[in-house]
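Visitor: can't give you the sequence, but here's the structure:
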């Protein structure tokens, strides 16, 4: 696989994305706010995630699924709800696949969890106060509560 171009975009929303268009060199875009929020190992995991999309050839379907997931366009007049649901399920599976690519590169689950935790709602001002261990404890407590409600 040929290395993609890498661009940094001025944007206050922490994000990264990949664009691969047939006949053009693929590229990865990283927002400046993501550079401010993540540690270098976390940033490496995000880039590995984006490279996973390229390696798995997610380009076209990822673009279509992300447009649907954003809610800005509905293709329901053109395709059935079942097809749209299947595409959104594929999007979730594709994202999990690329999270695994990030884990393979990082070789440390806490790095990937930390990056995902910060992407879900971190702030550069408070990033140093976030705790992966506390986050995982809260997640386990939530799961236990959900399981007990079924008892």
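Guide: That came in fine, so what should we check first? What you see is a predicted model; the values in this text were computed from it and never measured.

Visitor: What are the buried residues along stretch 83-91?
Guide: 84, 87, 91 (16 or more other C-beta atoms under 10 Å). In this view, the C-beta of every residue, glycine as well, is placed from N, C-alpha and C.

Visitor: Which elements pack onto the helix or strand hosting residue 145?
Guide: Assigned by DSSP states H and E, residue 145 belongs to helix 132-149. Packing contacts for helix 132-149, counted by 3 or more C-beta pairs under 8 Å, 6 or more residues apart in numbering; DSSP states H and E, involve helix 109-121.

Visitor: contacts for the helix it packs on?
Guide: 14-15, 34, 37-39, 41-43, 45-46, 99, 102-103, 106, 127, 130, 132, 135-136 (C-beta atoms under 8 Å, 6 or more residues apart in numbering).

Visitor: Now the buried members of those residues.
Guide: 14, 34, 37-38, 41-43, 45-46, 99, 102-103, 106, 127, 135.

Visitor: which among the residues you listed gets closest to residue 1?
Guide: Using C-beta to C-beta, residue 102 is the member of these that sits closest to residue 1, with 16.3 Å.

Visitor: Verify the stated contact: the closest one with residue 55.
Guide: No. At 12.0 Å, residue 102 does not count as touching residue 55 under the criterion of C-beta atoms under 8 Å.

Visitor: Could I get the average pLDDT for the lengthiest helix in the chain?
Guide: In the chain, with assignment by DSSP state H, the single longest helix is helix 81-106. For helix 81-106, mean pLDDT rounds to 88.

Visitor: Measure how that helix sits relative to helix 109-121, angle-wise.
Guide: 130 degrees (axes from the mean of the first three to the mean of the last three C-alpha atoms, to 10 degrees).

Visitor: Next, residue 43: secondary structure please.
Guide: helix (DSSP: H, G, I helix; E, B strand; the rest coil).

Visitor: Give me the below-cutoff pLDDT ranges for the protein.
Guide: For the chain, applying pLDDT under 70 flags the ranges 65-81, 150-151.

Visitor: What number of residues are in the vicinity of the nearest residue to residue 26 once chain neighbours are set aside?
Guide: Distances taken as C-beta to C-beta, 6 or more residues apart in numbering place residue 20 nearest to residue 26, at 3.9 Å, with adjacent residues excluded. Using other C-beta atoms under 10 Å, residue 20 has 18 neighbouring residues.
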